[in-house]
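Asker: Sequence first, predicted model second:
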Amino acid sequence: MNPLDLLKMSLGSFSGHALRVRLTVLATSVGIASVLLLTSLGQSGRDYVLQKFAGLGSNLLIVVPGKLETSGGPPVAPGRTHELSLDDALHLRRNIPGVVDMAPISIGTMPARVGNKERALVILGSNDRLLHVRRLDLVAGQNLPSLDLEQASPVCLIGSTVHKELFGNRNPLGQTLRLGEYRFRIVGLIAEKGQSLAMDMNDFVLIPVANLMRILNRKGLFRILLSIRSFYEMDTAEEDIRKMLIS
């Protein structure tokens with residue numbers, strides 16, 4: 001049978017079973033559309049999850065007293081844990097292969113006051129590397145000064161909610177913020193970030209870690225954040241950190 005006869009026979013079959021052909025075409029179209037839709041939704045979900053983890057930093061290791069973790073909220077561990085010190089933070093930064101950045105974390109709450117406005121705030125103590133490690137940006141001003149971890153300085157950064165609640169539409173840069181009995185000069189405004197690890201990243205004040213540890217009379221750190229060079233080095237770095245801290 002030549003191609004012309006085959007074409008004529010096919011057209012004849014189509015014309016004789018028009019309804020069946022239409023239903024077949026419709027079913028095929030619906031099937032293809034469904035596959036495309038599911039693929040699109042799956043890719044969108046994957047992109048959303050990746051974006052959320054990218055906000056944390058895919059190469060972020062969080063060292064907490066008594067254990068290591070890479071995600072989640074505050075640790076829940078029975079019994080006594082070993083405190084992390086500023087010396088531990090420096091030792092990990094200098095001696096663990098693959099660690100490219102480090103930010104120590106101390107945390108507390110205290111009343112913050114500007115003029116006659118006052119509210120209780122979360123206060124973070126860290127260094128100038130926290131913004132980079134946690135992928136935070138400044139919309140105005142400058143970062144904390146690059147200091148030795150044990151060196152204090154009466155300067156601070158504030159989140160966008162703190163700005164709105166205590167200053168309204170006024171420019172906060174250069175203004176004085178009282179934290180309890182202590183005065184800090186606002187040098188930078190942190191860009192809006194949202195929730196991260198159960199914390200509102202817009203509603204806190206950031207000061208040098210030495211200042212907060214002295215204010216709270218603490219020697220131990222709440223966290224040590226470590227940025228690892230490559231995602232594929234995370235497991236090795238975690239094991240090296242574990243061995244170093246228990247040795």
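Answerer: Arrived safely, thanks for sending. Numbers count the residues shown, from 1 in each chain.
Asker: show me where pLDDT drops low in this structure?
Answerer: For the chain, the stretches with pLDDT under 70 are 1-27, 29-31, 33-58, 67-81, 194-198.
Asker: Now do the strands in it.
Answerer: Secondary structure of the chain (DSSP state E): strands at 60-64, 67-69, 99-114, 117-126, 138-141, 155-158, 176-179, 182-190, 195-196, 199-200, 204-208, 223-228.
Asker: Now render the ones you listed as TSV, adding mean neighbour count.
Answerer: Placement of C-beta: from N, CA and C, glycine included. Shown next, in TSV, are the strands of the chain (neighbours: other CB atoms under 10 Å):
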stretch	mean neighbour count
strand 60-64	21
strand 67-69	14
strand 99-114	19
strand 117-126	19
strand 138-141	14
strand 155-158	26
strand 176-179	18
strand 182-190	19
strand 195-196	12
strand 199-200	14
strand 204-208	24
strand 223-228	23
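Asker: contacting residues for the residue nearest to residue 129 when sequence neighbours are not counted?
Answerer: If the residues on either side of it in the chain are set aside, residue 129 comes closest to residue 103, at 4.7 Å by CB to CB, 6 or more residues apart in numbering. Neighbouring residues of residue 103 by CB atoms under 8 Å, 6 or more residues apart in numbering: 126-127, 129-130, 132-134, 224-225.
Asker: what would these look like in JSON lines with distance to residue 184?
Answerer: Formatted as JSON lines, these follow (distance: CB to CB, whole Å):
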{"residue": "126", "distance to residue 184": "14"}
{"residue": "127", "distance to residue 184": "16"}
{"residue": "129", "distance to residue 184": "19"}
{"residue": "130", "distance to residue 184": "16"}
{"residue": "132", "distance to residue 184": "21"}
{"residue": "133", "distance to residue 184": "22"}
{"residue": "134", "distance to residue 184": "20"}
{"residue": "224", "distance to residue 184": "23"}
{"residue": "225", "distance to residue 184": "22"}
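Asker: between those, which is nearest residue 201?
Answerer: residue 134 (7.8 Å; CB to CB).
Asker: you'd agree that closest one is up against residue 227?
Answerer: No: using CB atoms under 8 Å, residue 134 makes no contact with residue 227, being 9.4 Å away.
Asker: which of the contacts of residue 103 sit farthest apart?
Answerer: Using CB to CB, the pair of these lying farthest apart is 132 and 224, separated by 14.9 Å.
Asker: of all the strands of the chain, which lies closest to residue 215?
Answerer: Residue 215 lies closest, by CB to CB, to one member of the strands of the chain: strand 182-190, at 6.2 Å.
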